[in-house]
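**Student:** Here is the input, now give the coordinates:
(one chain, ligands or ions: 1)
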Amino acid sequence: MNAMILWSPGQTLAMAEIDMTLPSIGDVYVRLKAAALNKRDYWITKGKYPGLVFPLILGSDGAGIIGDREVIIDPSINWGDNNRHFGPGFKIIGMPDNGTLAEYVKVHEVNLYDKPSHLSWDEAAALPVAGVTAYRSMFTRGKVQKGERMLITGIGGGVATMALLFGVALGIETWVTSSSDEKIEMAIIHGAKGGVNYTKDNWDKNLGQQVNQKFDIVIDGAGSPTFSKLLPLMNSSGRMVIYGGTAGNINDLSPQRIFWKHLDILGSTMGSPDDFRHMVDFVNEYKIKPIISHTFSLDEANEAIALVGRGEQFGKVCISIP
Ligand SMILES: NC(=O)c1ccc[n+]([C@@H]2O[C@H](COP(=O)([O-])OP(=O)(O)OC[C@H]3O[C@@H](n4cnc5c(N)ncnc54)[C@H](OP(=O)(O)O)[C@@H]3O)[C@@H](O)[C@H]2O)c1
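**Tutor:** Predicted structure coming up:
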C-alpha cells in the first residue's frame with residue numbers, strides 16, 4: 001500500500017510503497033477514504049512529542065470501509081478499565097502504531113464505529129480526535145449543563161470548533177477567543193454569542209464588559225499566561241478544563257481567586273470508549289457536522305501539516321485518500 005512516511009524529525013513526509021503485515025487476532029485493515037490532522041501531527045514532525053519512534057506513519061483520525069461497512073476509527077488504544085483516566089498501555093493511533101496518512105490502517109475491531117450517515121468522508125474523518133476530546137472536556141470532565149455560559153479559547157482549532165458545535169447544539173451560551181477577528185466572525189456564524197481577539201490589549205476586560213456576566217465553564221487548549229486572566233471572568237463553582245498547551249506554561253495563577261470562587265481546574269485527554277460512544281451518539285442525535293477548514297490530497301500532506309503549524313485553519317484540516 002502507499003503511505004506518507006516520516007523517516008526522522010525535521011524532515012518532510014515522503015510517499016512510499018510499504019508491505020501490509022498480517023493482522024493479529026482481532027485486528028483488521030480499514031481501507032481509508034479520508035484522514036484528518038491534529039496539532040499532534042505537527043508536533044511529531046518537529047520532534048516535539050514524547051516516545052518518538054521512526055520511521056512512522058502519522059495520522060490519528062480516519063474514516064473508511066471494511067467489507068461493505070462504513071466506519072470511523074476511535075484513535076484511543078488500550079484506554080483500560082477505568083473511565084476516570086487511561087491506564088499504562090494507552091496509545092493513540094499514528095505513533096507509535098502506524099496512522100491514517102495511508103491507503104490502509106491496521107486497527108483492532110473494537111476501535112471501529114459505524115460512520116454517522118449524515119457525514120461526508122471528510123467530515124467523518126474530522127470527527128474522532130476533536131470530537132472525543134471536546135466531548136470529554138465539556139461533558140465528562142466539565143459537566144456542562146443547559147443554561148450555563150461557556151468560553152472556548154483559540155476557536156480556530158479543531159477541538160475548539162467541535163466544542164462550539166456541541167455547545168450550540170445544546171443551546172449553551174458560548175463565547176470564544178481568537179487571534180483573528182475573521183475567525184470570531186466565523187464562530188458567530190456557527191452560533192457563538194460573540195468573542196474577543198486575545199492578541200489585543202485588555203482583551204480580558206473587553207470580554208468581561210461584552211458578556212456582562214461570568215462564565216460557568218472554560219474549555220482551553222492553549223495554557224500560557226493568558227489563562228490566568230480568565231480567573232476573574234469565572235463564576236463561583238466554575239470549571240476550567242484544559243486539554244492542550246499550545247501557547248506554553250501558565251503563570252501567575254492566583255490561589256485566592258481559585259479557592260474563594262471554589263473553582264475546579266481540570267485536565268482532559270482524548271476519551272474512554274464510553275466517551276467515544278456517547279460522542280458519536282450525540283453527533284447522530286443532533287446531526288452535527290464538523291467544520292472542515294481545508295482539504296488536501298494524500299500526496300499534499302506536507303502542505304497540510306505546514307498549514308496546521310501556522311494555525312491558519314478554522315476547523316479541521318482533512319486529507320482525502322484516493
Ligand atoms: N488532550 C488531548 O486529548 C488533546 C487532543 C487534541 C489536541 N490536543 C492539544 O490541544 C491543542 C489544540 O489542538 P488542535 O488539534 O485542536 O489544534 P489546532 O487545530 O492546531 O488549533 C490550535 C489553535 O490554538 C489557538 N491558539 C494558539 N495560541 C493561542 C493562545 N495564546 N491563546 C488561545 N488560543 C491560542 C489558535 O486559535 P486561533 O487561531 O483562534 O487564534 C489555533 O488555531 C494542541 O496543543 C494539541 O496538542 C490535546
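**Student:** got the contact list for residue 27?
**Tutor:** When contacts are counted by Cβ atoms under 8 Å, 6 or more residues apart in numbering, residue 27 is found next to 106-109. For every residue, glycine as well, the C-beta is placed using N, CA and C.
**Student:** Any idea which residue of the stretch 201-322 of the chain lies closest to the ligand?
**Tutor:** Scanning the stretch 201-322 of the chain for proximity to the ligand using Cβ to the nearest ligand atom identifies residue 244 as nearest, at 2.1 Å.
**Student:** Quick check: residues of the stretch 151-300 of the chain near the ligand?
**Tutor:** Taking Cβ under 6 Å from any ligand atom, the part of the stretch 151-300 of the chain that reaches the ligand is made up of 153-160, 177-180, 183, 198, 221-222, 224, 226, 243-247, 269-270.
**Student:** can you do 8 Å?
**Tutor:** Taking Cβ under 8 Å from any ligand atom as the test, the list of the stretch 151-300 of the chain residues beside the ligand reads 153-161, 176-180, 183, 198-199, 220-224, 226, 243-247, 267-271.
**Student:** re earlier: closest one to residue 72 out of the contacts of residue 27, please.
**Tutor:** Of all the contacts of residue 27, residue 107 has the smallest distance to residue 72: 10.8 Å, by Cβ to Cβ.
**Student:** Over to that closest one: give its phi and psi.
**Tutor:** Dihedral pair for residue 107: phi -140, psi 160, per degrees, to the nearest 10.
**Student:** could you list every residue that touches the nearest residue to it once chain neighbours are set aside?
**Tutor:** Spatial nearest neighbour of residue 107, excluding adjacent residues (Cβ to Cβ, 6 or more residues apart in numbering): residue 73 at 5.6 Å. When contacts are counted by Cβ under 8 Å, 6+ apart, residue 73 is found next to 30, 61-64, 93, 100, 105, 107, 111-113, 128.
**Student:** So which of the residues you listed are in helices?
**Tutor:** By the criterion of DSSP state H, membership of these in helices covers residue 128.
**Student:** what comes up buried for the helix or strand of the chain with the lowest mean pLDDT?
**Tutor:** The helix or strand with the lowest mean pLDDT-type score in the chain, counting by mean pLDDT, DSSP states H and E, is helix 225-228 (a mean of 93). Of the residues in helix 225-228, those buried by neighbour count under the rule 16 or more other Cβ atoms under 10 Å are 226-228.
**Student:** Which SSE is immediately downstream of that helix?
**Tutor:** Following the chain from helix 225-228 toward its C-terminal end, the next helix or strand by DSSP states H and E is strand 234-242.
**Student:** what comes up buried for that next one?
**Tutor:** Neighbour count says strand 234-242 has 234-235, 238-242 buried, by 16+ other Cβ under 10 Å.
**Student:** List the pairing partners of it within its sheet, with orientation.
**Tutor:** Sheet neighbours of strand 234-242, with direction, are listed as strand 215-220 (parallel), strand 264-267 (parallel) (DSSP bridges).
**Student:** Let's see that strand as CSV, backbone CA atoms only.
**Tutor:** The C-alpha trace of strand 234-242 is given here as CSV (Å, rounded to 0.1, in the frame of the first residue of the first chain):
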residue,chain,number,x,y,z
MET,A,234,-15.3,32.9,36.2
ASN,A,235,-18.5,32.4,38.2
SER,A,236,-18.2,30.7,41.6
SER,A,237,-18.1,26.9,41.2
GLY,A,238,-16.8,27.4,37.6
ARG,A,239,-14.9,24.7,35.9
MET,A,240,-11.8,25.4,33.7
VAL,A,241,-11.0,22.4,31.6
ILE,A,242,-7.5,22.2,30.0
